[in-house]
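Colleague: Just to be clear, the model below is a prediction. Sequence and coordinates:
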Amino acid sequence: MPLRCVSSEGDELSFEHNADSWADLRERNSRDRHLKFACCDAGVILKTSSLGTRYFAHKARGGCDTAPETQEHLRAKTIICKALKEAGWVATPEYRMMDAEGACIADVLGQRAAGSSKGIAFEVQWSPQLAETTRARTARYTEHGLRSLWLMKRPMPLNSKEVPVARLVACGEGFDVYIPNEALVRGAEYLNIKELADLAASWRRCGTLAEFTRGVVEGRFRFGLAKDFEIHVTVAGVANWCYSCGAEKQPATSIVLALGYLNPDFPDILIEIHELGEVEGSLAERILESINKRLPRIGGYTLAQRKAKASQVTYLANVCTCGAFLSRSYIPYRSQEDRTLLEFDLKTTVEEVAPFYKSLDRWCFIDRENPPLKAKIGMHGFPANTFLPLSTSGSSTDAPLRKVRYVGYSD
């Protein structure tokens, strides 16, 4: 059930018609029989599905080997074509290519300009398909010089750069698009079928199919961390006092690195204060330098390496202006009482961030107006338990002073 047929006047595209022009075209074809299919010599009839999708149908299938399509498949192709056209691209449904294996037909070919040697093959897969088949069909498009994008009804998180896959979910008269979230990227092999299909737990919504298609051609659907980007650093602390001089202070308890709008589907990184001192590289040095420019004024501490007398272990600690340092054994657990002490931005690169955690590459969709909820992981790679949002920065009199925890050992 194609969206395209041909006549002596060129391609006829069903999605370019409104109700009146569609009725006029049907009347003319009934009279002149001027419409033909590229796939066979069957007669053409004009139809409208129950979802309101206009399409061309074979009057009699005969020997044509073109597979029939569901109404959802047709509707998705129509939305993609319209979105491409609105974005200024050329949309060609049922784009036919030939190779050694025979005919290779893309559901929709999107091109920046007519006749371009490059483009994106959009494939709507409403029925189940083996991963091996998806890879093989993608390889054929690659051989024709095309990138590909699979939009599938069944959850299939291949998560590879070579085979881009997103999930298509029917919603009213259209569709929403989802991509795997942090839980699915890291744990797909351990999830059962029900967990894989759970939209709330395992998937991130990227908007409607039309919005997603426009984002794709605008370059907002991309794989892996950006090469250069800006991180947002948040330093949390809590109100207490120095055990030595008795002054009211706000020691830093943890740091969160948000990887910026260019990496929306990567988690934030939670770092304990002592862990920052264990990270090698220029980014850790720049973060520490930026914190120490601001923390003494706000929290009354600086961060510096100190050696514990009992264990002789050296680590990064809060050091009071009186010279006493706050052992990590006395740092409070993160809680709702934690507040934001500092926030600042730093420009960085994917190489600089690498020492902080092992990232698992994935497809990201950039939408600054509707950013996804962020997961948080520690430097060990496991989910981090944090209390958000933190209270805003202020003097320690905004919350009651409390003693730091004591765990019964000295380090």
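Modeller: Here it is on my side, so go on.
Colleague: low-confidence ranges in the stretch 251-400 of the chain?
Modeller: Within the stretch 251-400 of the chain, the stretches with pLDDT under 70 are 329-337, 384-400.
Colleague: ranges for the helices of the stretch 201-350 of the chain?
Modeller: In the stretch 201-350 of the chain, the helices defined using DSSP state H, counting those that start in this stretch lie at 209-217, 273-276, 282-298, 350-353.
Colleague: Pipe those into JSON lines and attach distance to A252 and mean neighbour count per row.
Modeller: Any C-beta I mention is one placed from the backbone N, CA and C, and that applies to glycine too. Below are the helices of the stretch 201-350 of the chain laid out as JSON lines (distance: least, CB to CB, whole Å; neighbours: other CB atoms under 10 Å):
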{"stretch": "helix 209-217", "distance to A252": "38", "mean neighbour count": "22"}
{"stretch": "helix 273-276", "distance to A252": "6", "mean neighbour count": "20"}
{"stretch": "helix 282-298", "distance to A252": "6", "mean neighbour count": "16"}
{"stretch": "helix 350-353", "distance to A252": "20", "mean neighbour count": "16"}
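Colleague: G381 is nearest to which of those?
Modeller: Closest to G381 of the helices of the stretch 201-350 of the chain is helix 273-276 (CB to CB; 12.9 Å).
Colleague: And the contacts of the closest one?
Modeller: 252-255, 284, 287-288, 303, 315-318, 328, 331, 379 (CB atoms under 8 Å, 6 or more residues apart in numbering).
Colleague: What is the nearest of these to K194?
Modeller: Nearest member of the contacts of helix 273-276 to K194, counting by CB to CB, is M379, at 31.4 Å.
Colleague: Can you lay out the helices of the stretch 201-350 of the chain as CSV showing distance to G145?
Modeller: Shown next, in CSV, are the helices of the stretch 201-350 of the chain (distance: least, CB to CB, whole Å):
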stretch, distance to G145
helix 209-217, 17
helix 273-276, 47
helix 282-298, 38
helix 350-353, 28
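Colleague: out of the ones you listed, nearest to Y261?
Modeller: Of these, nearest to Y261 by CB to CB is helix 209-217, at 13.2 Å.
Colleague: got the end-to-end distance for stretch 188-196?
Modeller: Using CA to CA, to the nearest Å, the end-to-end distance of stretch 188-196 comes out at 7 Å.
Colleague: which among the contacts of helix 273-276 end up buried?
Modeller: Buried members of the contacts of helix 273-276, counted by 16 or more other CB atoms under 10 Å: 252-255, 284, 287-288, 303, 315-318, 328, 331, 379.
Colleague: Which members of those residues occur in strands, if any?
Modeller: A252, T253, S254, I255, L303, Y315, L316, A317, N318 (DSSP state E).
Colleague: Measure how buried W363 is and give me the count.
Modeller: 22 (other CB atoms under 10 Å).
Colleague: Ok, P128 next?
Modeller: Per other CB under 10 Å, the neighbour tally for P128 reads 10.
Colleague: Once you drop chain neighbours, what's closest to it?
Modeller: In this structure, P128 finds its nearest non-sequential neighbour in R154, 5.4 Å apart by CB to CB, 6 or more residues apart in numbering.
Colleague: can I assume that neighbour is in contact with T134?
Modeller: No. Under the criterion of CB atoms under 8 Å, R154 makes no contact with T134, lying 10.8 Å away.
Colleague: Can you pull the residues that touch both of the two?
Modeller: Residues touching both R154 and T134 by CB under 8 Å, 6+ apart: Q125.
Colleague: neighbour-wise, which of those two wins?
Modeller: T134 (19 against 14).
Colleague: Could you give the backbone dihedrals for that one?
Modeller: Main-chain dihedrals, T134, degrees, to the nearest 10: phi -60, psi -40.
Colleague: Retrieve the pLDDT associated with it.
Modeller: Note on T134: pLDDT of 91.
Colleague: Please report how far K161 lies from D24.
Modeller: For K161, the distance to D24 equals 46 Å [CB to CB, to the nearest Å].
Colleague: swap that for T134, sorry
Modeller: Per CB to CB, T134 is found 40 Å from D24.
Colleague: do R297 as well
Modeller: Applying CB to CB to R297 and D24 gives a distance of 74 Å.
Colleague: Please apply the same query to F37.
Modeller: Counting by CB to CB, the gap from F37 to D24 is 20 Å.
Colleague: Also F175?
Modeller: 29 Å.
Colleague: Those two - which one has more neighbours?
Modeller: F175 (22 against 11).
Colleague: Backbone torsions only: list them for the more buried one.
Modeller: Dihedral angles (degrees, to the nearest 10) for F175: phi -140, psi 150.
Colleague: I'm done for today, thanks for sticking with me.
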